[in-house]
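> Sequence and predicted model, in that order:
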Amino acid sequence: MRQITCPVCSTDPLNPPESYSIHVCASCGLRWTYLPEEVNTEALYADEVYAVVDNRKSVFERIIFSEAKKVLAKARKIHPKTKSLLDFGSGKGQFLAVAKDAGWQGVGIETAAERADFARKNYQVDVRQEFYAGGKIGDGSFDLITLNHVLEHLPEPLTLVSELLDKNLAPGGLVYIEVPRANSWQAIIAGKKWMHWDIPKHLTHWTKSGLEKEFSKIGYREVASRGLSVHLGILGMVQALLFTFGYKKNLILQLKQRKSPKLLFLIGIVLPFASTIELVSTVFDKSGVFGVYLKKNG
């Protein structure tokens, strides 16, 4: 995989940026990662950060489950008759597990075999391990299609998602997309070291206005949104504040590995401040993560 033009509008950079750097498209304004050399996509997600860890019954799972419940509850409030769900990029199946408990009929699509196997074995959810190449998935009539931290990983994201929605979203159906916010306070605080840039795995970097603009071009409008994420939002702010005090390690990786007393002590000190700042940032649409509910025009 290479990425040398804007993945949304195919505009060439006026001056070639540095490799593995973020470029702002002069045409559409999207921030995207410049990758002039071939990147092995299979090896890209084989590192320790993306390794499958069994954290069932942990505090992290409880937080993730709580977030999923909120996303699904809001979807039902917007579209009360929703029953069927397609979770695109379903990972370990946690979102689908929450949906299943809430009475949804859910299907997941996941490219990584290890994650798909974990979901089927441990959460007993329907996850299909495949690379989506277009067309219908199942009967192609889902009331809700979700992409939770998936859009930023997709090459040519609007082309793929447009096909996915056109072929699989039921009439009047709802779409939920959640991504890191490129112009968030925590991105400004941490600068190039912000955990949610995640270069080169993240190919695009979105603002809320930019996402709404691009999806309006393929016929979708925002009907609701959410800003505060207890999981990835506050965690991102914790990392951003720790960075200002000289902490340079990957916080997600450190939390997956053996948690040192020193790290837990630092997090304990920073967490109240991070939570407060992140909560305030949502008021100004500057939270680290945002989610948008979309419906097709007409």
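Perfect, thanks for sending it. Numbers count the residues shown, from 1 in each chain.
> L271 is in contact with M237, isn't it?
No: in this structure L271 lies outside contact range of M237 using Cβ atoms under 8 Å: 9.2 Å. Placement of C-beta: from N, CA and C, glycine included.
> Compare the two (neighbour count), which wins?
For the pair L271 and M237, the greater number of neighbours falls to M237 (29 against 15), based on other Cβ atoms under 10 Å.
> Tell me who's in contact with that one.
Residues touching M237, when contacts are defined by Cβ atoms under 8 Å, 6 or more residues apart in numbering, comprise W185, Q186, I189, A274, S275, I277, E278, S281, G288.
> who wins for neighbours among those?
Scoring the contacts of M237 on neighbours with other Cβ under 10 Å, the highest-scoring entry is G288 at 31 neighbours.
> about what we covered before: nearest to H149 among the contacts of M237?
Proximity of the contacts of M237 to H149, judged by Cβ to Cβ, is greatest for G288, which lies at 11.7 Å.
> Identify the residues contacting the closest one.
Listed by Cβ under 8 Å, 6+ apart, the contact set of G288 reads 180-181, 184-187, 196, 229, 232-234, 236-237, 240, 278, 281.
> Could you measure from it over to F65?
Relative to F65, G288 is positioned 20 Å away (criterion: Cβ to Cβ, to the nearest Å).
> The residue lying closest to G173 once chain neighbours are set aside: how many residues sit nearby?
Setting aside the residues directly before and after it, G173 is nearest to D143 in space (Cβ to Cβ, 6 or more residues apart in numbering), at 5.1 Å. As a burial measure, the neighbour count of D143 was computed by other Cβ under 10 Å and equals 21.
> same deal with V179?
With neighbours defined by other Cβ under 10 Å, the count for V179 comes to 25.
> Tell me how far it lies from V59.
As judged by Cβ to Cβ, V179 and V59 stand 24 Å apart.
> Could you do Y176 as well?
In this structure, Y176 lies at 24 Å from V59, with Cβ to Cβ as the measure.
> Mind checking which of those two has more residues around it?
For Y176 versus V59, neighbours defined as other Cβ under 10 Å are more numerous around Y176 (23 against 8).
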